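>>> After the sequence you'll find the predicted model.
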Amino acid sequence: MEIPRDSPIYIAGHRGLVGSAIWRKLQQLGFTHLLGRTRAELNLLNAAAVREFYDREKPVYVFVAAAKVGGILANSQQPAAFLYENLLIQNNLIHGAYEHGVKKLLFLGSSCIYPKLAPQPLKEDYMLSGPLELTNESYAIAKIAGIKLCAALRRQYGCDFISAMPTNMYGANDNYDLQTSHVLPALIRKFHQAKAASAPTVTCWGSGTPLREFLHSDDLAEACFFLMENYSAEQFINVGYGSDISIRNLAALIQKVIGYQGEIIWDHSKPDGTPRKLLDSSRIFELGWRPKIDLEKGIRLAYDDFRDHCG
């Protein structure tokens, strides 16, 4: 299915890490009717406001990249907010799309939907096969509910609503706040500040042994567009890089890119989170999509973005 370039396309969360990448990708491809609203312009927690937006703008395609997000610290401190707000946001967007006859919708989940100790790499059918990682359980439950809502609307009403599960993301427009960000952008800020201050050491959380997979947001944007044109099924689909790295080696790579000369200290009193999270992305690879940006190049791009906006 080729999407006409003049189609009204709503990108919910268009200023965030993933949403802005999708917006840039669609602009590059020549799409001329992109719809985006800031938080001040459209409160996604307000069902009536979302319905009014759908009624007025009549989007034909919708990318749901809006969510309340954060790292281990934020998820641990705000479990009620992460569950309640994400349920409201996605219910309003997904059910509103059904009510207003949206032709196709892509819902973006998260790899935290998988059980903490699930076999690796993570296959799509491992969801709900065991207990979740406690530190982000609320966020995971909300995302699972979004996946199930898309599947239920497809089953009951024939809606062409699909879900994609990206791995850990990074890239332009990331959140670099040390209190609320994910591990890669947090490490970029830590090492940058340590270099600027000529600090002798940088302290990182945990043991450094957990393994994580990282995908640049521009690669995910390409995958999202690819899926919107080429995928239609109730089963959600993983979108990953295809290999992972230990947090210890990630820190060393970021240290190298930034040029910090000091020592890394690991604070073992802080939580590690899930031991390993590597997606089995064989299904999307077999469909013909592959990532293009390797991790070191991606970190260099992310560091350029950090210096442009925060440095």
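Thanks, I have it. Numbers count the residues shown, from 1 in each chain.
>>> ranges for the strands of this protein?
Secondary structure of the chain by DSSP state E: the strands cover 9-12, 34-35, 61-64, 104-108, 160-166, 168-170, 201-205, 211-212, 214-216, 237-239, 245-246, 263-267, 276-277.
>>> Quick one: the ones you listed as CSV, columns for mean pLDDT, mean neighbour count and distance to Cys150 too.
In this view, the C-beta of every residue, glycine as well, is placed from N, C-alpha and C. Converted to CSV, the strands of the chain look like this (pLDDT from 0 to 100; neighbours: other Cβ atoms under 10 Å; distance: least, Cβ to Cβ, whole Å):
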stretch, mean pLDDT, mean neighbour count, distance to Cys150
strand 9-12, 98, 26, 14
strand 34-35, 98, 18, 20
strand 61-64, 98, 26, 9
strand 104-108, 98, 24, 5
strand 160-166, 98, 24, 4
strand 168-170, 94, 22, 20
strand 201-205, 95, 17, 34
strand 211-212, 94, 19, 26
strand 214-216, 98, 24, 21
strand 237-239, 98, 23, 12
strand 245-246, 98, 16, 31
strand 263-267, 97, 14, 39
strand 276-277, 86, 20, 22
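>>> mind putting the ones you listed in JSON lines, distance to Leu187 included?
Below are the strands of the chain laid out as JSON lines (distance: least, Cβ to Cβ, whole Å):
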{"stretch": "strand 9-12", "distance to Leu187": "28"}
{"stretch": "strand 34-35", "distance to Leu187": "32"}
{"stretch": "strand 61-64", "distance to Leu187": "28"}
{"stretch": "strand 104-108", "distance to Leu187": "23"}
{"stretch": "strand 160-166", "distance to Leu187": "19"}
{"stretch": "strand 168-170", "distance to Leu187": "10"}
{"stretch": "strand 201-205", "distance to Leu187": "7"}
{"stretch": "strand 211-212", "distance to Leu187": "11"}
{"stretch": "strand 214-216", "distance to Leu187": "11"}
{"stretch": "strand 237-239", "distance to Leu187": "23"}
{"stretch": "strand 245-246", "distance to Leu187": "12"}
{"stretch": "strand 263-267", "distance to Leu187": "10"}
{"stretch": "strand 276-277", "distance to Leu187": "17"}
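>>> Out of those, which gets nearest to Gln193?
With respect to Gln193, and counting by Cβ to Cβ, the nearest of the strands of the chain is strand 201-205 at 8.6 Å.
>>> Poorly predicted segments of the chain, please.
Applying pLDDT under 70 to the chain flags residues 311.
>>> ok so, going back, identify whichever of the strands of the chain lies nearest to Leu117.
Between Leu117 and those, the tightest spacing by Cβ to Cβ is seen for strand 276-277, at 9.3 Å.
>>> Many thanks, I have nothing further to ask.
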